[in-house]
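Asker: sequence and predicted model, in that order:
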6 protein chains.
Amino acid sequence: MRLLVVNSNTTEAVTARIEAEARAAAAPGTVVETVTAPFGLPLIVTRADWQVAGTATLAALGARAGHYDAAIIACFGDPGLDAAKMLAGVPVLGISEAAFHAACMLGKRFGVVSFTRDLQPMFEMCLDLHGLRGRCAGFRMGPPFSGDPGKVAEQAVPLVRRLVAEAVDEDGAEVVIVAGGPLAGVARVLGPEARVPLIDGTAAAVSLAEALVRLSPSLPRQLPRTPVGLDPALSALYRG
Amino acid sequence: MRLLVVNSNTTEAVTARIEAEARAAAAPGTVVETVTAPFGLPLIVTRADWQVAGTATLAALGARAGHYDAAIIACFGDPGLDAAKMLAGVPVLGISEAAFHAACMLGKRFGVVSFTRDLQPMFEMCLDLHGLRGRCAGFRMGPPFSGDPGKVAEQAVPLVRRLVAEAVDEDGAEVVIVAGGPLAGVARVLGPEARVPLIDGTAAAVSLAEALVRLSPSLPRQLPRTPVGLDPALSALYRG
Amino acid sequence: MRLLVVNSNTTEAVTARIEAEARAAAAPGTVVETVTAPFGLPLIVTRADWQVAGTATLAALGARAGHYDAAIIACFGDPGLDAAKMLAGVPVLGISEAAFHAACMLGKRFGVVSFTRDLQPMFEMCLDLHGLRGRCAGFRMGPPFSGDPGKVAEQAVPLVRRLVAEAVDEDGAEVVIVAGGPLAGVARVLGPEARVPLIDGTAAAVSLAEALVRLSPSLPRQLPRTPVGLDPALSALYRG
Amino acid sequence: MRLLVVNSNTTEAVTARIEAEARAAAAPGTVVETVTAPFGLPLIVTRADWQVAGTATLAALGARAGHYDAAIIACFGDPGLDAAKMLAGVPVLGISEAAFHAACMLGKRFGVVSFTRDLQPMFEMCLDLHGLRGRCAGFRMGPPFSGDPGKVAEQAVPLVRRLVAEAVDEDGAEVVIVAGGPLAGVARVLGPEARVPLIDGTAAAVSLAEALVRLSPSLPRQLPRTPVGLDPALSALYRG
Amino acid sequence: MRLLVVNSNTTEAVTARIEAEARAAAAPGTVVETVTAPFGLPLIVTRADWQVAGTATLAALGARAGHYDAAIIACFGDPGLDAAKMLAGVPVLGISEAAFHAACMLGKRFGVVSFTRDLQPMFEMCLDLHGLRGRCAGFRMGPPFSGDPGKVAEQAVPLVRRLVAEAVDEDGAEVVIVAGGPLAGVARVLGPEARVPLIDGTAAAVSLAEALVRLSPSLPRQLPRTPVGLDPALSALYRG
Amino acid sequence: MRLLVVNSNTTEAVTARIEAEARAAAAPGTVVETVTAPFGLPLIVTRADWQVAGTATLAALGARAGHYDAAIIACFGDPGLDAAKMLAGVPVLGISEAAFHAACMLGKRFGVVSFTRDLQPMFEMCLDLHGLRGRCAGFRMGPPFSGDPGKVAEQAVPLVRRLVAEAVDEDGAEVVIVAGGPLAGVARVLGPEARVPLIDGTAAAVSLAEALVRLSPSLPRQLPRTPVGLDPALSALYRG
């Protein structure tokens, strides 16, 4: 099975982290290819960034069309997800979508933790789009952030440890999502010491994508259309 | 007051209809400028189109930055709206947003009618994003559509008349939104004969934009950022 | 355009504050007339007061019937609003309704602040009646109150400043409503120093009423009826 | 136990029906006193009527203050209910409130049937105010109504029989409320032939009021206040 | 009237407390019989316990079938409630169900307090099953618990007093439920000093069961079925 | 990976169908073991059955404790699921849970179809327990059922085909769940001709269980407890 993983931001170091986690999570026989958004922003933070990153993500998916059996949008917030599902013809999962659904299957209510509260409004919009607000025990987020997204994972481990404990003890979370593409792999580090399951969106998306390919390998696509002036790869997706 | 109205699809005939309705709705002293999306699709139908049209809409807004006191996204579904609000520094309204809020102020529950049910999934996502599902009495939509969006308004009048009656009689709508940029002006035609107020999204957005400029003429913008590879006009919006 | 503004409590000093803010907010050409509830209570605090003030508000609206193109119920909680909408034949807005809708158009989630938490249960019922709970980031309210409602505005400025900051920093509000008829004008004072837009319900209602009159100048009224023993002005509204 | 039952409309024939049903439902030892609204409308239909009837109901409650251990507002829609609860110092129940709660305890989802769909918007607002929308399987309502509310009960039996069947068969109702003060007693007639429990709001309110008096005979009242210009009996309620 | 009260846990001392409170709450003429779950757990804490206790409760109900006019499941969380309602042919109430509905009729929003937060996840599931989340002002719960459920009531009085105050002052509760079978009777002790009504689930269930028997003495049962290998008493319930 | 699949009803022919579908869905390397509920009912239809089947399911899980890496509760409605998750120490999925989550990942709104509407109240409770009501486009169900659950699958194919079409055309479902353990395998038959993905709960559960074992192979269990009088296998689960 060929799995395309798109990092929706433009920071290669984040792509590298995501790739490492995706490969660690993949089953034998899954070939992981990772790409970085061809344009956009070094970190996807706001609902404005979400819009911009969505189109960049579609362009990345279009550029590799035909070369994957499923795709993952490896940006918490799932930019471009609905569009990708309608255009790709194969399963596409966002890492927040995957994290939310995996968490629901492992506990009644999930907490969400991440390194900066700057992300919370985008995360909340995403949670509402998935219709899963009622399963969320709350958000526990770090301070405003202005650093290098490629380096935040190592620094954030103690912060994430503390936020996980708060999610469990204060919010009653029965499972905790360690959210944000730049934190890929942190749940794997902290999991063994945690009292509840920790979910990494990238790992969840890899495993669930493998499951969906088995369940429903081809999916309906929206009717071919003729867009004007789009990125050529995205345009090709539309033309069907 | 200078008001920029963006048609998020690429059909100039639709832009012309929207412009006529916007001018009919504008107060004396409001100068209406209308632009057509610089790229994208001739009609915005699906949630995939919504993503693509959102970025095109932002590009259109960026290209005229500094030349308007408020902006309207004249595409039912409001593509790019959240991003535009964060980047523009002035009030930006979507025509579905405006229609929903105007309808709420004129009746307890509103119906939504349009010329094709192909639009309903995008409209429903938009309704949920605005958090107003509970105020909606239901959708009444026409058949699948494959015609010319620039010509649908004239043809659709009898259909819309019937759907409005169903919304009132079957769904208990106390006010009805005639939805879809291509139907701009139809509510003005049918309004005098209707038993409940009919809302045209474009007209509602013009009047509400005038109100918001008076109430809150400048708005916070998100912090300047440095995107890579975006449409230059959109990039300029981001750089602040 | 003639705009009638009803203060639903009986405190003339509050009417005066509301009038000043309504006039400051009105467009040129809007003639503002303000009236005080002919009976009732000096401050509308509880859900019981809301019932009583609703009927007083209808009586005030009836007494001036035919002399306004739109009306505003200038009491946060919107007593009598639904009834007024069904009886008046012209747009009627409550100041909480107007504040909620204006806030929704200026930010994703709004905070509500006011001088006393005694008001919160009534405000929450009102929020639920408008179906907008999901857009509210939370309430931040001052201590129990037993003072003169005509004088609270000046004293409350430092309190409101602090509550606004909490709404933004703790609750993630992207826009904040300074609620309560007695606080009319306070948002105008604090707005320039705030990081997010501040909404004054009276100002919002004036601008939105102007918009609605343009959009939908006449509205259906419920069928004439013959009540018994009502305040004559209210009875006349009913008789149509 | 002394129970005051207020008919919120001004039609004495409806009061008589309500009284008969209340007496049939009362336990031995419960003394039922019934009063008719001292002013208002012959039938409470709309949300406007609800406002007007609420104040009339409070006046009726005030006029008999001190002479009852619990009170019932015998008008589906529960006009004045929240205010009455805050002012009375004893349990007060609305007949829709009582019907909804009794129905919830007898089945998972309840249907609501009544003689005219004119009532539905008011009933829906009432249902939302009680926060029980999720327990409602749907409304099944008769045609527009312009007859004598005192005579509708006899005529409506075949209609109600049919609507009950639809609620069970089409909507999956496990219990059905026969709604509307003018239909008091109809559930008692049709109950023996029905496949699910039928709830009469008046009967439910009588039994639940008896239960609440036993559980919580005295209740906190809001602080005494000094209203101006109210109906003397209502004013007395306020003064404490 | 014969009322069967089932303690769903196996601790006889808790049954004794429940019996005392049920008898204190019962009207003259109500004969209270109390039974302890024939198998299961000494305290029902988790959602797993809820499943196990549900079947034990049904067995207890089956063992006394034909000997009661109504039944109460005296375990906060209401294990087995839906099944009991479908099998018993007479009214069955859970003590959380009864507490929630009684609280709704006595105040707009209710708080829930109990001796240990270990119970909260089960209580929340129960609240959601009843569809009453929107009426709940919040939970205030004591520390983790590992003591004797038969002795917690006396020890918990100061804790409950404090939690009630927090529910009122911090959460705006207008009525407070003292939850948990082992706390039966505590609301009766603390009620006189509280500022809002305190609800004991057992007492509420007794009074409401008396009301329902009057309203709807016989109820439909699901069709007879032939189970295999069940507890004989439960099997008999199924066979009808 | 060892996967235990429990049929929660006592009909061996249904177990056989479920086993065939589970094996068809399983990845190479997954060993499927199927067991039938040791006691209970031949078909799980009502919320009462759900309670009884939950305990039977736990007993089945307990009897094979230590012999599986994940378990599936192959009964639409998911009896015993929450308890099983807390007691098993490994991933446990219900087939409705799996179907709902898989469907959410393949389309915005899912329809649910099954052979008899008798199942709908239990299915709706289950949907609400998972918090996914907002993602459901509606139910389309066959007539009342009194046949042999082991033979319904073959007979139901034409009915299911029609109901799927209604779900897509009338309800706007973007993916359809063919619900009910007795229909295991029907989605596999009808899938190739359907316009949207069809989901079989058993197949979905197998694939998702494989994914969860990879993601989170061990899970926290609730603290050991000492139950009294339970089925020995269930008791052993409790003792830890």
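Answerer: That came in fine, so what should we check first?

Asker: residue contacts, the residue nearest to the spatial centre of chain A?
Answerer: With distances taken as C-alpha atoms, centre = their mean, the residue of chain A nearest its centroid is A:Ile95 (2.3 Å). The contact partners of A:Ile95, by C-beta atoms under 8 Å, 6 or more residues apart in numbering or on different chains, come to A:Ile72, A:Ile73, A:Ala74, A:Cys75, A:Phe76, A:Asp78, A:Gly181, A:Gly201, A:Thr202, A:Ala204, A:Ala205. (C-beta placed from N, C-alpha, C; glycine too.)

Asker: same question, A:Ile18
Answerer: A:Ile18 neighbours (C-beta under 8 Å, 6+ apart): A:Val5, A:Asn7, A:Thr34, A:Ala74, A:Gly181, A:Ala184, A:Thr202.

Asker: tell me which stretches of chain A form strands.
Answerer: A:2-7, A:31-36, A:70-73, A:92-94, A:110-114, A:136-141, A:175-178, A:198-200 (DSSP state E).

Asker: which one of those strands lies nearest to E:Tyr238?
Answerer: Comparison of these against E:Tyr238 by C-beta to C-beta identifies strand A:175-178 as nearest, at 36.5 Å.

Asker: thought A:Leu230 was touching B:Val52?
Answerer: Yes - under the criterion of C-beta atoms under 8 Å, A:Leu230 makes contact with B:Val52 at 6.7 Å.

Asker: now find how far off-centre the worst-scoring helix or strand of chain A on mean pLDDT is within its chain.
Answerer: One helix or strand of chain A scores below all others by mean pLDDT, DSSP states H and E: helix A:232-239, with a mean of 95. Here helix A:232-239 is found 23 Å from its chain centre; the criterion is C-alpha atoms, centre = their mean, to the nearest Å.

Asker: contacts for that helix?
Answerer: A:55, A:58-63, A:65, A:87-88, A:224-227, A:230, B:41, B:48, B:52.

Asker: out of these, list just those in helices.
Answerer: Using DSSP state H, the members of these that fall in helices are A:Thr55, A:Leu58, A:Ala59, A:Ala60, A:Leu61, A:Gly62, A:Ala63, A:Leu87, A:Ala88, B:Ala48, B:Val52.

Asker: any idea which of the residues you listed is the one closest to E:Leu132?
Answerer: Once C-beta to C-beta is applied, the member of the ones in helices among the contacts of helix A:232-239 that ends up nearest E:Leu132 is B:Ala48, at 39.4 Å.

Asker: what score does the closest residue to A:Gly134 other than its chain neighbours have for pLDDT?
Answerer: Leaving out its chain neighbours, the residue that sits closest to A:Gly134 by C-beta to C-beta, 6 or more residues apart in numbering or on different chains is F:Gly131, at 4.1 Å. pLDDT recorded at F:Gly131 is 98.

Asker: domain parsing for chain A?
Answerer: A:2-94+A:205-239, A:96-200 (automatic domain parsing).

Asker: hang on, the earlier thing: quick check, the residue nearest to A:Gly134 in contact with A:Leu127.
Answerer: No - applying C-beta under 8 Å, one finds F:Gly131 not in contact with A:Leu127, separated by 11.8 Å.

Asker: how close does the residue in chain A that chain D sits nearest to get to A:Leu127?
Answerer: In chain A, the residue that lies nearest chain D is A:Gly134 (11.8 Å; C-beta to the nearest C-beta). Here the criterion is C-beta to C-beta, to the nearest Å. By it, A:Gly134 lies 10 Å from A:Leu127.

Asker: what of A:Pro217?
Answerer: Going from A:Pro217 to A:Leu127 by C-beta to C-beta gives 28 Å.

Asker: same deal with A:Gly240?
Answerer: With C-beta to C-beta as the criterion, A:Gly240 and A:Leu127 are 32 Å apart.

Asker: then A:Gly77?
Answerer: 10 Å.

Asker: neighbour count winner among these two?
Answerer: A:Gly77 (31 against 21; other C-beta atoms under 10 Å in any protein chain shown).

Asker: quick check: that one vs B:Ala56, distance?
Answerer: Note on A:Gly77: its distance to B:Ala56, by C-beta to C-beta, is 21 Å.

Asker: so which residues on chain A come close to chain E?
Answerer: A:Lys108, A:Arg109, A:Gly172, A:Glu174 (C-beta under 8 Å from any C-beta of the partner chain).

Asker: nearest to A:Ala26 among the residues you listed?
Answerer: Nearest to A:Ala26 among the residues of chain A next to chain E, with distances taken as C-beta to C-beta, is A:Glu174, at 26.6 Å.

Asker: what's that closest one sitting at in phi/psi?
Answerer: phi -100, psi -10 (degrees, to the nearest 10).

Asker: show the pLDDT at the nearest residue to it once chain neighbours are set aside.
Answerer: Take A:Glu174 and drop its neighbours on the chain: the residue closest to it by C-beta to C-beta, 6+ apart is A:Gly107, 3.1 Å away. pLDDT, the model's per-residue confidence, is 97 for A:Gly107.

Asker: correct me, but A:Gly107 touches A:Gly172?
Answerer: No - contact criterion C-beta under 8 Å: A:Gly107 and A:Gly172 do not qualify, at 10.0 Å.

Asker: more neighbours: which of the two?
Answerer: It is A:Gly107, of A:Gly107 and A:Gly172, that has more neighbours when counted by other C-beta under 10 Å, with 23 against 18.

Asker: and the more buried one, how close does it get to B:Phe100?
Answerer: Distance from A:Gly107 to B:Phe100, counting by C-beta to C-beta: 36 Å.

Asker: so the residue nearest to A:Ala13 when sequence neighbours are not counted versus chain F, what's the distance?
Answerer: With sequence-adjacent residues excluded and distances taken as C-beta to C-beta, 6+ apart, A:Ala13 is closest to A:Gly150, at 2.7 Å. Shown here: A:Gly150 relative to chain F, a distance of 25 Å by C-beta to the nearest C-beta, to the nearest Å.

Asker: A:Gly150 against A:Asn7, yeah?
Answerer: No - between A:Gly150 and A:Asn7 there is no contact under C-beta under 8 Å: 10.7 Å.

Asker: quick one: common contacting residues for the two?
Answerer: In terms of C-beta under 8 Å, 6+ apart, A:Gly150 and A:Asn7 are both contacted by the residues A:Val14.

Asker: between the two, which one's more packed in?
Answerer: A:Asn7 (31 against 17).

Asker: the nearest residue to the more buried one once chain neighbours are set aside: neighbour count?
Answerer: In this structure, A:Asn7 finds its nearest non-sequential neighbour in A:Thr15, 4.2 Å apart by C-beta to C-beta, 6+ apart. Residues near A:Thr15, counting by other C-beta under 10 Å, number 23.

Asker: right, and A:Thr15 touches A:Val35 too?
Answerer: Yes - between A:Thr15 and A:Val35 there is a contact at 7.5 Å, judged by C-beta under 8 Å.

Asker: overlap in contacts of these two?
Answerer: Joint contacts of A:Thr15 and A:Val35 (C-beta under 8 Å, 6+ apart) are A:Asn7.
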